[in-house]
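>>> Turn this into a model:
(chains A, B, C and D)
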Amino acid sequence: MASYYITIGDKEHIVTFQNGKAAIDGSPFLYQLEQLDERSFVILIDGRSRRLVVARSAEGYDVLVDGKRVDVSVESERARLLKQFGGKRHAAHTRMDIHAPMPALVVRVEVEVGQDVKPGQGLMILEAMKMENELRAHAEARVKEIFVNKGQAVEKGELLMSLE
Amino acid sequence: MASYYITIGDKEHIVTFQNGKAAIDGSPFLYQLEQLDERSFVILIDGRSRRLVVARSAEGYDVLVDGKRVDVSVESERARLLKQFGGKRHAAHTRMDIHAPMPALVVRVEVEVGQDVKPGQGLMILEAMKMENELRAHAEARVKEIFVNKGQAVEKGELLMSLE
Amino acid sequence: MKRQIKKVLVANRGEIAVRIIRACHELGFEAVAIFSEADRRNPHVQLADEAYCVGRAASRESYLAIDRIIDVARSTAADAIHPGYGFLSENALFAQKVLEAGIIFVGPQPASIRAMGDKTEARKLVSAAGVPTVPGTPDAVSDVHDVQQFAESFGYPLLIKAAAGGGGKGMRIVHSAGELPSAFDAAQSEALSAFGDARVYVEKYLENPRHIEFQILADTYGNIVHLGERECSIQRRHQKVIEETPSVILDDDLRERMGAMAVAAARASNYHNAGTIECLVDRDRHFYFLEMNTRLQVEHPITELRTGIDIVHQQLKIAMGEKLPFSQKDILFRGHAIECRIYAEDPFNNFLPSTGTIVHLKPSQGNGIREDRGVEEGGEISVYYDPMISKLVAFGATRSEAIAKMVRALREYEILGVRVNIPFTLFVLKHPKFLEGDFDTHFVERFFNPSHLEVPSADEAKAAALVTAILESKMGQHSMPQTNHQSAGEWVPSKWRTRRSEIMR
Amino acid sequence: MKRQIKKVLVANRGEIAVRIIRACHELGFEAVAIFSEADRRNPHVQLADEAYCVGRAASRESYLAIDRIIDVARSTAADAIHPGYGFLSENALFAQKVLEAGIIFVGPQPASIRAMGDKTEARKLVSAAGVPTVPGTPDAVSDVHDVQQFAESFGYPLLIKAAAGGGGKGMRIVHSAGELPSAFDAAQSEALSAFGDARVYVEKYLENPRHIEFQILADTYGNIVHLGERECSIQRRHQKVIEETPSVILDDDLRERMGAMAVAAARASNYHNAGTIECLVDRDRHFYFLEMNTRLQVEHPITELRTGIDIVHQQLKIAMGEKLPFSQKDILFRGHAIECRIYAEDPFNNFLPSTGTIVHLKPSQGNGIREDRGVEEGGEISVYYDPMISKLVAFGATRSEAIAKMVRALREYEILGVRVNIPFTLFVLKHPKFLEGDFDTHFVERFFNPSHLEVPSADEAKAAALVTAILESKMGQHSMPQTNHQSAGEWVPSKWRTRRSEIMR
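Purely as a prediction, here's the structure:
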């Protein structure tokens, strides 16, 4: 038997496969699945027809179900066990890096190195796609380092600032 | 230098690549090529923009150039040399097999084994997609063997008859 | 009587099933699809809310399996069945059984289907209502002597037609007495094998006629309107290829008279729902009732674009017992619309049907362009069903604007994997006689020759040569999708282009 | 003076370049595309007959590079330039230089662009022609004291606007005297950075107005017609999202009066070609001229569907010196049309702009649906240009039919790779206030909350769970295309959905 822990929104589903049969959250599930191309599927469950399109994303899968988009993250049973034993390691992070969410122009840096910031406080304004967007702190922190200047063009993912 | 013999319709073109430059039929050719996906391209030649879509076919490539379809067959210089030496072998064929061009129903067999047929003479009528289509001889020949009967459903590529 | 629909079973496949499912969703109804084993991946299955397999690929084991289809409707609690066109759409027994199951049939009453289904009876019926018909035998004939007698009165040429069917099956034109016996036999046997009914009837054959039809809508309260004509003279082997509305040969007066005729013909059969009255119009602009199609027509979109009325919406509303929301004078005709049917057939090669996987499909878009399609990239064109891939429709303020938009859209349309008739439709749309509006049902046989088809220019060929050479040199050949279009290269080893046309007609 | 066009340079990109190239092809003209280095793979390059790179990705180095663009037109012997919308379309200097190069500018004369480009001058001009305007400062102001003086006469709220620009840049609403100084400074600095011109003007701010605009066409012989109104009140951050025609608040009388106003405004600037008069309409259905856009408008397709007139065709014909082929009374308004602009932004997440590769795009089709799009599957949504992916347009015989078709089409539309605002447009189209027609430009801020957005049902989520589990178990993960949508997961290690909305506004 193989089990997968699937998280969609704030709900977790357990999908199990055993002897060629599938169950979701313990209820057996009959389906007919046709793969249409590398990412598109049509699935019939109790006669209900649904189109799904699936792409990998950083967190798992980016899925369209009958046109509605959901983020899906999947963990196999094995991965979950490994994580339960080793998961504490990640919690110790204290430094937080702020990266550019998209290629953009730095319009203004609103803080200085060493400054204490509160949750919601503006850190930097970026302009992308003709719109200004403010990056804000989500927790109390101190500005450790600022890597960019006003007027600078930054690439997606570029490190802008680190907090601690 | 690499040369390719490209046949399109009844014209043959020679494309050569040397030192990163291309020439067609001896004339050098400047181009910018962008591949859009696994089969689609946009090419700029002297500012003219063309969209091409390319798929492999039995004979070479099935190509759309600005929406117009052409069959393209390609031979490398090496393949052509090999063929010139060994090409005679194929000419000796005297037997000719007639295969079904598509899944179809045999409506009528118009000839018998041993019968002599002339170019253009009907051999067999197949029905496919609600339409009847006649297979005809393209050269003088004798019917050697018939593998199907009236009323029989045949698969694409199935051997129907051999002539000699 | 009003009766709300909540769920519609669509007893069809392909583009028309997709068309109807969309209309259902727009009206807030759920849609149930049925499919054959060959169609389980098809768009109509994907788009429906529910989908059920009703049998094997062959139509008579699936899309014609009356009891199985009604069973699905019952078990899914569908309150209506829309039959589309073809398949069971003009089968009175099916309509009857649907009604007996307590389900709404989106179409006319079985009696109307029956009345119009027998061509001979239909002519009698509408004649009695004052509708002009082509001179013909009043009843079906089974003896060649009856035909000879008819010929003595009306002369040759004659047309022999199956009493039961349509689409060119069991149809023969007879130009002289000598041809008659063999043509009569052939028509009878073709009618028998196609429809299980050998009866044929005979009529005066009009030379150089135009095929013009009128769309009507009739509610269940006796209100009947026509939505104008469709010019369907561009046919190949009795198969319509290009339709347009309005027709260049109709003026307002003739349109009004033919429209009144269409409404009278519908009224004569106590008709409900959408229907089409097909007519022939001769050189002197006399018109003759040919038959009535008691269903949605393939080419209905051009009427939708010219009138702004969604015919499938109206069908479903009429079926719910709603009154038509407009009268004849409310219908605003505007502009010009053309449809090209894109078939999987090779115009360079005697229109050889082409089957296989569509490895690439990039449709056209843009102002005035509508496409109705029931197959997608990766889909199969199989031998089991109609080879129509798409209906491309163009609207323009004028005929020339509509033609220009259609030509542009056809040039942008890309399909690889099967051969399609797009070059043929371009040939028609650019032909001077078509542009002048001077054509009849013989246009294709009279003017078409494959040598007129457009082929790539020398520069386009060079671009293809360059790109394929680059592919050979750089990419290897493994990542390219391969077409499985059947070419004659598999039958004969060389010179296949020439030979293919010799071998296959 | 008549002058035949043979070749048109399209000085734009994206969907509007595609739209114009298609119109050129339909009229038998060749089309020359220009492109930036970021756009060499884009549809407008593929569709054009010729295409030339004019510079780097940043607009000012490519699509705004006046001299380079005119050089391309000269060297390709283009006899006309169509500027589309945005970029150089309302740049009088560009139009002037095009004319000086002996090339036809498909648009109004430079003097008309100039007259309407300065909002203050434009108001004076149309006021003199009897067109009502919103009370405002007659001239641009540079001193906050002038604004305070204006406020003393007309009261708050006030609107401060950049004299040179549009699109919400340099725009501030001031509700009280206390807010004025900082708002005035901010508007000036934004205007300066956006348009190189710090001048602003001030006007009475109408509360709860509707934004309604009129499309006009004017030939070079003094014939001017209007093609009816467009209701554009559904905006977010001053950006139009959904437009429709007709507006539910216009009756025939008001339409006629506003149409006459639009024609008068165009005539006041000696206007040629297509233009749009934007108005505000208050609760009492008083209307006020806001500005005139001296170019093709993004939302022109809804007018084309309601009138059957191809506006881009008419633009090109007017530019060739042809007379309008219709007068006001020939224009048949019919049905209802709606446009939804599909933007790459995440409505679940404060409309965060979304960039990346479109890994999957399956558009909608069907009766009444038109799509204008300038990017395809595999294309990039980059930071350099407008994030509009598509304009989806629906036509119906009635408003409710048009809305139903649009909802159906939006539900069928599939995009993966970037987040799009489709759920937001569905929210609007299903909102009771929208359905009643009871809304104004504040609709979005008043009624929208991400919690109203539709999310997959429990059954849909289960289907997604099942399919992804099957993929994990059977397929491995290597063959799946990967989205490179930027999610906040790359900034903060966990709980990214919540945090993203905190971090980014």
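>>> contacts, neighbours, all on C-alpha from now
OK.
>>> ok, for the residue in the stretch 151-300 of chain C that chain D sits nearest to, nearest residue in space, not its chain neighbours?
Residue nearest to chain D within the stretch 151-300 of chain C (Cα to the nearest Cα): residue C:300, separated by 10.7 Å. The spatially closest residue to residue C:300, leaving aside those adjacent along the chain, is residue C:311, at 7.5 Å (Cα to Cα, 6 or more residues apart in numbering or on different chains).
>>> before we move on, back to that, backbone dihedrals for the residue of the stretch 151-300 of chain C closest to chain D, both of them.
phi -60, psi -30 (degrees, to the nearest 10).
>>> And the residue of chain A found nearest chain C, how close does it get to chain D?
Taking Cα to the nearest Cα, chain C has its nearest neighbour within chain A at residue A:48, 4.3 Å off. Per Cα to the nearest Cα, to the nearest Å, residue A:48 is found 10 Å from chain D.
>>> The nearest residue to that residue once chain neighbours are set aside pairs with what?
With Cα to Cα, 6+ apart as the measure, residue C:50 is the residue that lies nearest to residue A:48, at 4.3 Å, once sequence neighbours are left out. Note on residue C:50: beta-bridge partners residue A:48, residue C:32, judged by DSSP bridges.
>>> Pull the contacting residues for residue C:50.
For residue C:50, the contact set (Cα atoms under 8 Å, 6 or more residues apart in numbering or on different chains) comprises A:44, A:47-49, C:31-33.
>>> where does it land on pLDDT?
At residue C:50, the model reports a pLDDT of 98.
>>> Same check on residue A:91?
40.
>>> and what of residue A:157?
pLDDT, read off for residue A:157, is 76.
>>> isn't there a strand covering it?
No. Using DSSP: H, G, I helix; E, B strand; the rest coil, the secondary structure at residue A:157 is coil, not a strand.
>>> Isn't it up against residue A:102?
Yes. Applying Cα atoms under 8 Å, one finds residue A:157 in contact with residue A:102, separated by 6.8 Å.
>>> In terms of neighbours, single out the busier of the two.
The neighbour count for residue A:157 versus residue A:102, taken as other Cα atoms under 10 Å in any protein chain shown, is higher for residue A:102 (24 against 15).
>>> returning to that earlier point: who are the contact partners of the residue of chain A closest to chain C?
Counting by Cα under 8 Å, 6+ apart, residue A:48 makes contact with C:49-51.
>>> Pick the one among those closest to chain D.
Nearest member of the contacts of residue A:48 to chain D, counting by Cα to the nearest Cα, is residue C:49, at 11.9 Å.
>>> isn't that closest one right up against residue A:46?
No. Here residue C:49 does not reach residue A:46: they are 11.1 Å apart, not a contact under Cα under 8 Å.
>>> So the two - more neighbours on which side?
Neighbour count, other Cα under 10 Å: between residue C:49 and residue A:46, residue C:49 has more, with 21 against 13.
>>> what's the distance between that one and residue D:405?
17 Å (Cα to Cα, to the nearest Å).
>>> And for residue C:159?
45 Å.
>>> Help me confirm that residue C:415 is found in a strand?
Yes. Residue C:415 forms part of a strand when assessed by three-state DSSP.
>>> Give me the nearest residue to it, chain neighbours excluded.
Per Cα to Cα, 6+ apart, closest to residue C:415 is residue C:361, 4.6 Å.
>>> Is the one you found in a helix, a strand, or coil?
strand.
>>> Tell me how far it lies from chain B.
Residue C:361 is 10 Å from chain B, by Cα to the nearest Cα.
>>> Please verify my assumption that residue C:175 contacts residue C:158.
Yes. If you go by Cα under 8 Å, residue C:175 and residue C:158 touch, sitting 6.6 Å apart.
>>> In terms of packing, which of the two has more residues around it?
residue C:158 (24 against 14).
>>> Just the pLDDT for that one.
On the pLDDT scale, residue C:158 gets 92.
>>> so where's the chain uncertain?
This is for chain A. Residues of chain A that meet the criterion pLDDT under 70 lie in A:83-95, A:129-131.
>>> you looked at the wrong chain, it should be chain C
In chain C (pLDDT under 70), the answer is C:165-167, C:475-505.
>>> Contacts for the strand ranked longest in it, please.
When chain C is parsed with DSSP state E, its longest strand is strand C:224-236. Applying Cα under 8 Å, 6+ apart, the external contacts of strand C:224-236 come out as C:210-218, C:240-247, C:255, C:259, C:262-263, C:266-267, C:302-303, C:307, C:327-328, C:331, C:439-445.
>>> out of these, which are inside strands?
Per DSSP E, the subset of the contacts of strand C:224-236 in strands is C:210-218, C:240-245.
>>> Between which two of these is the distance greatest?
Based on Cα to Cα, the longest span within the ones in strands among the contacts of strand C:224-236 runs between C:218 and C:241 and measures 27.3 Å.
>>> Could you check which of those two is surrounded by more residues?
Taking neighbours as other Cα under 10 Å, residue C:218 and residue C:241 compare with residue C:218 leading, 25 against 22.
>>> So the more buried one sits against residue C:268, correct?
No. With contacts counted by Cα under 8 Å, residue C:218 stays clear of residue C:268, the gap being 12.0 Å.
>>> What segments of chain A are helices?
A:77-86 (DSSP state H).
>>> Now for the most centrally placed residue in chain C: which residues touch it?
The residue lying closest to the centre of chain C (Cα atoms, centre = their mean) is residue C:298, at 3.9 Å. The neighbourhood of residue C:298, defined by Cα under 8 Å, 6+ apart, consists of C:16, C:85.
>>> where's it, which helix or strand?
Applying DSSP states H and E as the criterion places residue C:298 outside every helix and strand.
>>> Tell me how far it lies from chain A.
Taking Cα to the nearest Cα, one finds residue C:298 at 26 Å from chain A.
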